[in-house]
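**Q** Give the three-dimensional model of this entry:
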Amino acid sequence: MEKYRVSLADEERAALESLVGKGKAAARRILHARILLHADQGQEDEDIADALEVSSRTVLRVRKRLVTEGFLAALDHKPQPPRPDKVKIKGNVEQQLIGVACSDPPQGRCHWTLQRLAAELVALGLLQAVSTETVRQALKKTRVANSAGPSL
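**A** Sure, this is the predicted structure:
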């Protein structure tokens, strides 16, 4: 595994010590500052992890960010990557789902089930595939499940 050497300039070390000493920053930022201070003293990742009660992977990640992305990037946490739109049922599809859920169930059945509703959305050509959990969440969001919808 690649080792990232931490060597802080005097100004950086002073800034980190000030940050840790004041304690008026985000907890993760203070933790990263403490990791960098320990790493600057030449401690091993496992020792730092034990002392600060974090994983050695976290210590490695902070070291790596300092070396590859710079001082400020190492202090701040890396934001989560943008997630694709997870909501499959929205807008027109949601309206049609509610309409189907509130309509009479298929002949020979006393109520709609989540499986039947999911199959109906696919049969109508509104979605290529949909899970029963997605249907349940859409109905729960609209509160149809509590009034006239299928029993969940």
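**Q** If you count contacts, what does the helix or strand of the chain with the lowest mean pLDDT end up packed against?
**A** Every helix and strand of the chain was ranked by mean pLDDT, DSSP states H and E. The lowest is helix 132-142, at a mean of 87. Here helix 132-142 touches helix 92-102, helix 114-123, going by 3 or more Cβ pairs under 8 Å, 6 or more residues apart in numbering; DSSP states H and E. Every C-beta, even on glycine, is put in place using the N, C-alpha and C of the backbone.
**Q** Give the buried residues for that helix.
**A** Going by neighbour count (16 or more other Cβ atoms under 10 Å), the buried part of helix 132-142 is 134-136, 138-139, 142.
**Q** repeat for stretch 104-118
**A** Buried residues in stretch 104-118 (16+ other Cβ under 10 Å): 112, 114, 116-118.
**Q** how about the residue nearest the centre of the chain, secondary structure?
**A** When Cα atoms, centre = their mean is applied to the chain, the residue found nearest the centroid is Q80 (6.6 Å). Following DSSP: H, G, I helix; E, B strand; the rest coil, the label given to Q80 is coil.
**Q** still on that earlier bit, can you list the buried residues of helix 132-142 in a markdown table and add distance to R63?
**A** Formatted as a markdown table, the buried residues of helix 132-142 follow (distance: Cβ to Cβ, whole Å):
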| residue | distance to R63 |
| --- | --- |
| T134 | 41 |
| V135 | 46 |
| R136 | 44 |
| A138 | 44 |
| L139 | 48 |
| T142 | 48 |
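**Q** and which of those is nearest to G91?
**A** A138 (11.0 Å; Cβ to Cβ).
**Q** Could you chop the protein up by domain?
**A** 10-75, 92-142 (automatic domain parsing).
**Q** With distance to Y4 as extra columns, can I get those in JSON lines?
**A** Putting these into JSON lines (distance: least, Cβ to Cβ, whole Å) gives the following:
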{"stretch": "domain 10-75", "distance to Y4": "4"}
{"stretch": "domain 92-142", "distance to Y4": "42"}
